[in-house]
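Asks: What would the 3D arrangement of this be:
(chains A, B, C and D)
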There are 4 protein chains.
Amino acid sequence: MEPVNLSDYESAAREKLPLEIFDYYAGGANDEITVQENLSAYSRLRLQYRVLRDVSQRSLATTVLDHSLAFPVLIAPTAFHRLAHPEGELATARAAAQAGTIMIVSMVATTPIEEVAKVNATIPNAPCLWMQIYILPDRNFTTEMVHRAEAAGCGALVLTVDSPVFGQRERDIRHRFHELPDGLSLANFTTFNGIAPARFEFKADLTWEDVSWLRSTTDLPILLKGIVHPDDACLALTHGVDGIIVSNHGGRQLDTAVATIEVLPEIVDAVAGRLPVLVDGGIRRGTDVLKALALGAAAVAIGRPVLWGLTVAGEAGVGNVLELLRREMDLAMALCGCSSIVEINRDLLRL
Amino acid sequence: MEPVNLSDYESAAREKLPLEIFDYYAGGANDEITVQENLSAYSRLRLQYRVLRDVSQRSLATTVLDHSLAFPVLIAPTAFHRLAHPEGELATARAAAQAGTIMIVSMVATTPIEEVAKVNATIPNAPCLWMQIYILPDRNFTTEMVHRAEAAGCGALVLTVDSPVFGQRERDIRHRFHELPDGLSLANFTTFNGIAPARFEFKADLTWEDVSWLRSTTDLPILLKGIVHPDDACLALTHGVDGIIVSNHGGRQLDTAVATIEVLPEIVDAVAGRLPVLVDGGIRRGTDVLKALALGAAAVAIGRPVLWGLTVAGEAGVGNVLELLRREMDLAMALCGCSSIVEINRDLLRL
Amino acid sequence: MEPVNLSDYESAAREKLPLEIFDYYAGGANDEITVQENLSAYSRLRLQYRVLRDVSQRSLATTVLDHSLAFPVLIAPTAFHRLAHPEGELATARAAAQAGTIMIVSMVATTPIEEVAKVNATIPNAPCLWMQIYILPDRNFTTEMVHRAEAAGCGALVLTVDSPVFGQRERDIRHRFHELPDGLSLANFTTFNGIAPARFEFKADLTWEDVSWLRSTTDLPILLKGIVHPDDACLALTHGVDGIIVSNHGGRQLDTAVATIEVLPEIVDAVAGRLPVLVDGGIRRGTDVLKALALGAAAVAIGRPVLWGLTVAGEAGVGNVLELLRREMDLAMALCGCSSIVEINRDLLRL
Amino acid sequence: MEPVNLSDYESAAREKLPLEIFDYYAGGANDEITVQENLSAYSRLRLQYRVLRDVSQRSLATTVLDHSLAFPVLIAPTAFHRLAHPEGELATARAAAQAGTIMIVSMVATTPIEEVAKVNATIPNAPCLWMQIYILPDRNFTTEMVHRAEAAGCGALVLTVDSPVFGQRERDIRHRFHELPDGLSLANFTTFNGIAPARFEFKADLTWEDVSWLRSTTDLPILLKGIVHPDDACLALTHGVDGIIVSNHGGRQLDTAVATIEVLPEIVDAVAGRLPVLVDGGIRRGTDVLKALALGAAAVAIGRPVLWGLTVAGEAGVGNVLELLRREMDLAMALCGCSSIVEINRDLLRL
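Replies: As a prediction, the model looks like this:
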């Protein structure tokens, strides 16, 4: 039966994927309390909608860092799309571009950024890609990666800051799932030095000094992904970054970390409009997108649902996931009395 | 076994109806969080009853917009009663009239309003009907509908304002339930232009201006149904309407919308007695009616339970549903120390 | 296996009793939300115990209305003990007297008060009985009942004030359980006029004036049972009563009524020591007794657990239920650092 | 399959142990509400982590009462280790010493303290043992026990103060589990007077005077274990003790007692740094340790998980339990942006 919502895609993907790969995508750190809490925190929020406003002409279009989006839902960076589908990141990129939104390509992709960018360029009026990076212990690698992102035409860098070390993902430990199957590789790493590394290490001494250094290496806008504390948001303001993505890494790093939507308002208050704030984690419904925007997010990003769409039907699946969410959000705006993104505000939520 | 309460009627109806029709009635938008929350919000409220008051003579009678009711429970407008029972809206109307209460006839009925009115007129001392309407894109249709309601002797118009577009009801999508079976039609629409329309569209640009226009077309009292925000209640005050029905469309339009009983107090406070405020959604027990009145409702309306009664036993079933609820409310009043509707107040609730 | 706690007695009684009788005892009004809430409200309260106090010599003895009790747990009035065991109220009375506590004999007993009193008198140092009464529409009956209670040596009258009408107990309706089996009768009614009545009616116009009238008919202390609102507690102060039992009739009258332990503190605050306040409903553990006393109760009363003990083993069963609860309370006091009843106070609870 | 976390060890131990022994360890008082609440109170706490701090060099080392610990997790005193494994307390002691932490040896051990101390002394750089004691009715026994602890080189005494009497553990009552199997004995008691006692009694008149007396008998630091009320913490300050362990005896004494982590902050506030405060009960994850430290604990202690490790694999099992927890805590610190114990503070928690 045709999937009706994003949850259907998860069910269908669970049927189709080998369990260890489904679990790699679906799982989180330790007891997965934060994975669940990301979701349930949205379910607890109540909409107090408005009526009798002309919602016949609705626009979901918005702009983030001067990039135009057809609707305020980006594709969050997730690893290893070819585990889900042979076309991997290329399929995802095509779907994102067709939908008029930004794919944040993971540095830990199974396709080199240049190939993803080439596909993106084939879609008329496609937004540019953004490139997610980790700063690795070897700064040369990062410099190279930044230059490649620039050369590939990426529109922004998304620096993940919540991962000085790997989280403990117990599903993977139980499946002994710790390396890519034959035929797949860390494609961006291979290209760098000609050899696919067996593994890579996070930089445990990553600090704000690294952010300043990264800032000095590029003119691309830089967003920090993984901030949940308002004090860190304030520090971001003084380090020349261009945006923040409130994220707990989908609950995959620190279990019992706060749900992102719970802390979004205090981060938004802390930055006070000086930076755009995005949020990911737990968004499964159009009403979730609307709630995030009502609490001050400039846009949201979705991770796992994209992988479920990719698993089920490749590019078409990702496209349908995005379209389902777009339609739900359009519907939620209509039912809340909002014709455009700017009309969505905290007054729609009963806190 | 004879149904003992409204929940029994739901169980019996589930047994009797084709699943797709049961689901059409029972279901709501998306994850049906608001459907459930409408119910559980009542269950969470606690009564702090009074004792040693003479409750030997109790009256549940009340007046809403100068219409006398035997007890403060109206029949909310619901679509397609002939899906539940061959006698459809006629059976419902007879039961309501016999019980001394008002049926709000849905514009989306399977029986023309004139026939429902004819049946209502046969019951001695029956309250008048109220007519629910949507303003459709074609204002002529609405004008015609209003004139027909007036001609049929309806006592008020109930304008639904929460539906600029259709909610996403996933049970219906899964059942591919999107049109009436053979032999049934949108009876009020058929009469209008001689042809049963395949479907109809909501007016997505419905605004307060339409309310003012409707106000100008008729002397009938107008109630707005679907308000949950106090600011909209205040706007209603300045647009010449005569009453408000706090409603979230039974959870069928915007999922995760606030439970109606949760927002009733702030709506009541906002209108400050200048308009009667009614409420629907989630009322299944006499104590629920009492709680709504304690929080300031002039009366309540019930939707799905009427359909369950209609399914199970036609007119008699609807009559018994109303009578069960009336008896429960009578009992709840006695046990709370209230002899009449006016004695029910917020002091009975422990908030 | 020997019952270890009061819950075990309930399980054993469920095995032994015909379902309709078990359900008559166990059930409550409508959805039994208050039945459950009476229990769970205790489970939610947290004890913040004290240590290093000499608890080697503990006394649970207390005095209520100048009556000495071995421990502060009375037997709440419950109907029809001979449904549970052939010896009925006589077995209960013997067990209560042996345990050194007060049985509040129900007017709706299956044994005349005189016989219960006779048995009570055979136990050395037994506390006196208290007699629960309803004021019926025929005041003569009540006068007679009061005189019989006085003559039988009862030490107080407990006037139930929460029952102007019968609650809707759906388990009984489903079982069509509405009269006593052959061989049992409303024994106090039979004696009164020589004929066992088929049924009896509550007095729906019971008011504070009746309380004043009752006050004028007897010198016995009068307690009002069924108060949950502090304003009613204040009215009690001005009507010459001697005590209050905070009760919601075990959740059998008004469903979704407040849990008794939830409202106890505000009742206690309202009377401010001018009257003793007792509480019943939901007490199953020694810690529950301690919590009620910590919140200001002079004593508690238990209903259903007595019936489970009576079912399982007659007098010995009731005795064991009382003894289990006494031991648990003794243990709870020791572990909270209390040697006597007066040392139990609100400071032991983390609210 | 290799256990991945402490919960896996519990499952494995449940498989391996006779039910009555598993239940003796796992069970608690009455309805085990506090047993569960100790756990769930941690799960409810949310971490609001910091990022971009150099966490490449992390130290979990800390000092409690001048004793150095490799990481702030002690082994709480638990009885009868030889029920879990033939090597009993000796295996536990070796594992603790190897891990660089303190074992608090129970007075109610199945191995004499001298033998445990001998094993501890064989491990290079092992922290000293601490000895848990009850003050028994016979003070001579306690004096002797203190002198033996001193002679054995114990570094502190842990006086349990929450046990004037035994809690009611219903699993044990149902299993009639009330004495040790053949071949095991209360080894410290046997040594004292040459005879293994059939049972022993707690001192129900234990008071602060006993604490002062104990203080006078030894120069060892004394910690009080079992305090949950800030007023008792304040009393501790004036009785010459050296530390407090916030504990509810693992929920084995007073059911519905507060969860330890819930009251930790107010105890910490009460002592205001004048004493180290430790906490036990419910710690199963590295994040739990971090949360306790964030709320002011100097260190934590774990009880049941050690017994599960001991059951599954003796010394190696205990060692692995400690190592799993150490690694999880190390990881949690890294992900919270903390390099050392002193950087962990309340700001990391969203209360």
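Asks: from here on, contacts and neighbour counts on C-alpha atoms
Replies: Fine.
Asks: and whatever residue of chain A ends up closest to chain C, what pLDDT?
Replies: In chain A, the residue that lies nearest chain C is residue A:44 (22.1 Å; Cα to the nearest Cα). On pLDDT, residue A:44 comes in at 97.
Asks: quick one: secondary structure of the residue sitting furthest away from the middle of chain A?
Replies: Counting by Cα atoms, centre = their mean, the extreme residue of chain A relative to its mean C-alpha position is residue A:52, 34.6 Å from that point. Of the three states, residue A:52 takes coil according to DSSP: H, G, I helix; E, B strand; the rest coil.
Asks: my guess is it meets residue B:206, correct?
Replies: Yes. Shown here, residue A:52 and residue B:206 form a contact pair, counting by Cα atoms under 8 Å, at 5.5 Å.
Asks: Could you tell me which residues touch both of these two?
Replies: Residues touching both residue A:52 and residue B:206 (Cα atoms under 8 Å, 6 or more residues apart in numbering or on different chains): residue B:161.
Asks: Residue A:216 is in what secondary structure piece?
Replies: Assessed by DSSP states H and E, residue A:216 sits inside helix A:208-217.
Asks: ok, the following helix or strand past that helix: who's next to it in the sheet?
Replies: Heading C-terminal from helix A:208-217, the first helix or strand you meet, by DSSP H and E, is strand A:222-227. Paired strands of strand A:222-227, with direction, are strand A:156-160 (parallel), strand A:243-246 (parallel) (DSSP bridges).
Asks: which other residues reach strand A:222-227?
Replies: A:156-162, A:215, A:233, A:236, A:241-249, D:50-51.
Asks: can you check stretch A:310-327 too?
Replies: By Cα under 8 Å, 6+ apart, stretch A:310-327 touches A:4-6, A:9, A:12-13, A:16-17, A:71, A:81, A:84-85, A:87-88, A:91-92, A:94-96, A:98-99, A:284-286, A:305-309.
Asks: tell me which residues in stretch A:17-25 are buried?
Replies: Within stretch A:17-25, the residues that count as buried by 16 or more other Cα atoms under 10 Å in any protein chain shown are A:17, A:20, A:21, A:22, A:23, A:24, A:25.
Asks: I'd like to know which elements the helix or strand hosting the last one is packed against.
Replies: If you go by DSSP H and E, residue A:25 is part of helix A:19-26. Based on contacts counted as 3 or more Cα pairs under 8 Å, 6 or more residues apart in numbering or on different chains; DSSP states H and E, the elements that helix A:19-26 packs against are helix A:170-175, helix A:304-336.
Asks: Out of those, which one sits most buried?
Replies: helix A:304-336 (a mean of 25; mean count of other Cα atoms under 10 Å in any protein chain shown).
Asks: In the stretch 251-351 of chain A, where is pLDDT below threshold?
Replies: By pLDDT under 70, the stretch 251-351 of chain A contains no weakly predicted segment.
Asks: Tell me what the one residue in it that gets nearest to chain D is bridged to.
Replies: At 4.4 Å from chain D, residue A:257 is the closest residue in the stretch 251-351 of chain A, using Cα to the nearest Cα. Beta-bridge partners recorded for residue A:257 (DSSP bridges): residue D:47.
Asks: how far away is it from residue A:35?
Replies: Using Cα to Cα, to the nearest Å, residue A:257 is found at 9 Å from residue A:35.
Asks: Which residues are in contact with each of these two?
Replies: Joint contacts of residue A:257 and residue A:35 (Cα under 8 Å, 6+ apart) are residue A:251.
Asks: Format the strands paired with strand A:222-227 as TSV; extra columns: mean pLDDT.
Replies: What follows is those, written out as TSV (pLDDT from 0 to 100):
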stretch	mean pLDDT
strand A:156-160	98
strand A:243-246	98
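Asks: Need the winner for burial among these.
Replies: strand A:243-246 (a mean of 28).
Asks: Kindly check the end-to-end length of stretch A:157-164 for me.
Replies: 18 Å.
Asks: Quick check: the spatially most central residue of chain A vs residue C:30, distance?
Replies: By Cα atoms, centre = their mean, chain A has its centre lying nearest to residue A:76, at 1.6 Å. Noted for residue A:76: a distance of 50 Å to residue C:30, by Cα to Cα.
Asks: can you check residue A:218 too?
Replies: Applying Cα to Cα, the value for residue A:218 to residue C:30 is 69 Å.
Asks: rewinding a little: hmm, which of the contacts of stretch A:310-327 are the buried ones?
Replies: Counted by 16+ other Cα under 10 Å, the contacts of stretch A:310-327 give A:4-6, A:9, A:12-13, A:17, A:71, A:81, A:84-85, A:87-88, A:91-92, A:94-96, A:98-99, A:284-286, A:305-309 as buried.
Asks: residues in contact with the helix or strand where residue A:42 lies?
Replies: Residue A:42 belongs to helix A:33-44 when assigned by DSSP H and E. Residues from elsewhere that reach helix A:33-44 (Cα under 8 Å, 6+ apart): A:27-28, A:250-252, A:254-262, A:281-284, A:288, A:291, B:33, B:256, D:43.
Asks: let's see 7 Å
Replies: A:28, A:250-251, A:255-262, A:281-283, A:288, B:256 (Cα atoms under 7 Å, 6 or more residues apart in numbering or on different chains).
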